[in-house]
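Chemist: Below is the structure, and that's it, no one-letter string:
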Ligand SMILES: O=P(O)(O)OC[C@H]1O[C@](O)(CO)[C@@H](O)[C@@H]1O
């Protein structure tokens, strides 16, 4: 019986519940035995990506019902609304126009024009630094660029800069500082020369504690290195939607690059927030990244839902969250350079969809955003894959693999790919008790040993996964992949009727952080605090007397 608000909203919820009960009785392997064309039937391609979603608890009927559910949620209308710039971020009364950041060709809107002007300014800055025309306070060329930012002002540029290592160009080394922990900037600056270091202070709000404190420390470090106040503009640029705040902080106005309220921080790597990426890979490759995302935008806007990669990714996670009670999703890129992707996707998905009220502000009585986690293959296989294979937790998994490597060590790339495919195959097929016993017997194991060990060696299998394939990890395919995840997150938000573009939940911690810091600075702990918080602060004050 439907018992939550989603069940009441979607008229075919009961059909889906019945189908879930039926398919749960089948092992995933049986679905492949029943239909030799399953892989082709349950796959979709676009913008250089191929999504194989056949290893999921899905049937043609279930997919049809999920598409019907998406139609009831007016997903197609929601896609039109996001691209048109309607104020879909209703609590902040703003559009979420990140797709405008990767518009290609002549500007069609005022936003496109601002983006183009900013890209041109970014291009000039990158060219000046790459050509060594931009000099530090001693007249030497810049050798190191340090991005100071956190959350969306860090994770996207950091992830892409690492992912596109084979495309790095120019002589500049890129570094990233995010944490308020002074250890991070202290360690980094040990190995840098203030005379040849350029800092990017990236903060949409220009009021983020971590970023401002690190920027102040960086300024002190440059001045201590012998720079005059007047030469500071040679070492600092900023990116912000609050240009006046950046200038007030001491960044020269001509060194401030804008972003806009219509871009969410975690969706902003395509804007001037992507400056570190442009420094690392050059403007042509940065534009190729944008073009890849633009191709995915077009696919999301135009493809029918049953062949629409982001819509399918969202529908599949919705299916598991709502009908199988899953609470986590793993992302396993089999590409060393994509090692930051899970961390990036954590913010993208968990900050977007970790909500407890609907768009209208009503408390939800159903699950919303799930936990996103993972690491690059094959490292995870020797760590947490045990739980994926034999644990009691069910979760959807995205395997991501490339057909071709950038390096010449071909046999290792073949091994990497083989491991990726073998993991999803093992999760799918598993190994039952009879097979396990037969294998043990074949290897000469005694019957006593077989009795003792067989159950431990059984893999239940029937564990779902997607595999996303791309020819090569390039600016274009990475752009398409990130845009696919952005749109997947939006799809989930639409289906769950939540606003994926605000993040009010992070504010309380920031506020209390300031209160706790005041208590530490004044060594005065308010009497009405809970005893745990009070004791922890008192211990700190005592230790630092
Ligand atoms: O770019 P800013 O304004 O410094 O914000 C950094 C990050 O902090 C958050 O606001 C959360 O605290 C994120 O949404 C954002 O990406």
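Modeler: Nice, thanks for sending it over. The structure displayed is predicted, hence computed values, not measured ones.
Chemist: Tell me which residues are up against the lowest-mean-pLDDT helix or strand in the chain.
Modeler: Sorting the helices and strands of the chain by mean pLDDT, DSSP states H and E puts helix 507-522 at the bottom, at a mean of 93. Residues external to helix 507-522 that are found in contact with it (Cβ atoms under 8 Å, 6 or more residues apart in numbering): 209, 525-526, 533, 537, 540-541. In this view, the C-beta of every residue, glycine as well, is placed from N, C-alpha and C.
Chemist: residue nearest the centroid of this protein?
Modeler: Closest residue to the average C-alpha location of the chain: residue 345 at 1.9 Å, with Cα atoms, centre = their mean.
Chemist: quick one: contacts for that residue?
Modeler: 331, 372, 485.
Chemist: taking these one by one, which sit in strands?
Modeler: 331, 372 (DSSP state E).
Chemist: For the stretch 351-500 of the chain, what lies in contact range of the ligand?
Modeler: Where the stretch 351-500 of the chain comes near the ligand, counting by Cβ under 6 Å from any ligand atom, the residues are residue 351.
Chemist: any weak-confidence spans in the stretch 351-500 of the chain?
Modeler: Within the stretch 351-500 of the chain, not a single segment meets pLDDT under 70.
Chemist: Pick out the residue in it sitting closest to the ligand.
Modeler: Nearest residue of the stretch 351-500 of the chain to the ligand (Cβ to the nearest ligand atom) works out as residue 351 at 5.8 Å.
Chemist: got a list of what that residue touches?
Modeler: Counting by Cβ under 8 Å, 6+ apart, residue 351 touches 151, 266, 503, 506.
Chemist: Would you write a PyMOL line that selects the buried entries of those residues?
Modeler: Applying 16 or more other Cβ atoms under 10 Å to these, the buried members can be selected in PyMOL as follows:
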select buried, resi 151+266+503
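Chemist: Would you mind naming what in the chain lies close to the ligand?
Modeler: Going by Cβ under 6 Å from any ligand atom, the residues of the chain near the ligand are 150-153, 203-205, 208, 211, 265-266, 351, 503, 506.
Chemist: ok, 5 Å please
Modeler: Contact residues, the chain versus the ligand (Cβ under 5 Å from any ligand atom): 151-153, 203-205, 208, 265, 503, 506.
Chemist: Just give me the neighbour total for the nearest residue to residue 28 once chain neighbours are set aside.
Modeler: Residue nearest to residue 28 in three dimensions, not counting chain neighbours: residue 462, with 4.4 Å by Cβ to Cβ, 6 or more residues apart in numbering. By the criterion of other Cβ atoms under 10 Å, residue 462 has 19 neighbours.
Chemist: before we move on, what about the one 3 residues further on?
Modeler: Using other Cβ under 10 Å, residue 465 is surrounded by 23 other residues.
Chemist: ditto for residue 391
Modeler: Using other Cβ under 10 Å, residue 391 is surrounded by 13 other residues.
Chemist: longest helix anywhere in the chain?
Modeler: Secondary structure assigned by DSSP state H gives helix 275-302 as the longest helix of the chain.
Chemist: Roughly how far does residue 216 sit from the ligand?
Modeler: According to Cβ to the nearest ligand atom, to the nearest Å, residue 216 stands 14 Å off from the ligand.
Chemist: what's around that residue, how many residues?
Modeler: 13.
Chemist: same check, this time on residue 185
Modeler: Using other Cβ under 10 Å, residue 185 has 22 neighbouring residues.
Chemist: Confirm for me that it is in contact with residue 175.
Modeler: No. Using Cβ atoms under 8 Å, residue 185 is not in contact with residue 175; the gap is 9.8 Å.
Chemist: domain parsing for this protein?
Modeler: 5-72+303-429+464-502, 121-289, 505-543 (automatic domain parsing).
Chemist: Kindly reformat these as JSON lines and extend each row with distance to residue 443.
Modeler: Output for the domains of the chain, formatted as JSON lines (distance: least, Cβ to Cβ, whole Å):
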{"stretch": "domain 5-72+303-429+464-502", "distance to residue 443": "18"}
{"stretch": "domain 121-289", "distance to residue 443": "42"}
{"stretch": "domain 505-543", "distance to residue 443": "53"}
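Chemist: ok, back up a step: point out the least confident one among the residues of the chain next to the ligand.
Modeler: When these are sorted by pLDDT, the bottom entry is residue 506 at 92.
Chemist: could you list every residue that touches it?
Modeler: residue 351.
Chemist: Could you report the distance from it to residue 209?
Modeler: Distance of residue 506 to residue 209, computed by Cβ to Cβ, to the nearest Å: 12 Å.
Chemist: list the helices and strands the helix or strand that contains residue 479 packs on?
Modeler: In this structure, residue 479 sits in helix 475-496 according to DSSP states H and E. When contacts are defined as 3 or more Cβ pairs under 8 Å, 6 or more residues apart in numbering; DSSP states H and E, helix 475-496 packs onto strand 49-52, helix 60-72, helix 75-84, helix 155-163, helix 275-302, helix 309-323, helix 352-353, strand 466-470.
Chemist: Including mean neighbour count and distance to residue 253, could those go into a markdown table?
Modeler: Listed next are the helices and strands packed on helix 475-496 as a markdown table, based on neighbours: other Cβ atoms under 10 Å; distance: least, Cβ to Cβ, whole Å:
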| stretch | mean neighbour count | distance to residue 253 |
| --- | --- | --- |
| strand 49-52 | 20 | 41 |
| helix 60-72 | 18 | 47 |
| helix 75-84 | 17 | 33 |
| helix 155-163 | 25 | 23 |
| helix 275-302 | 22 | 17 |
| helix 309-323 | 25 | 39 |
| helix 352-353 | 23 | 33 |
| strand 466-470 | 23 | 41 |
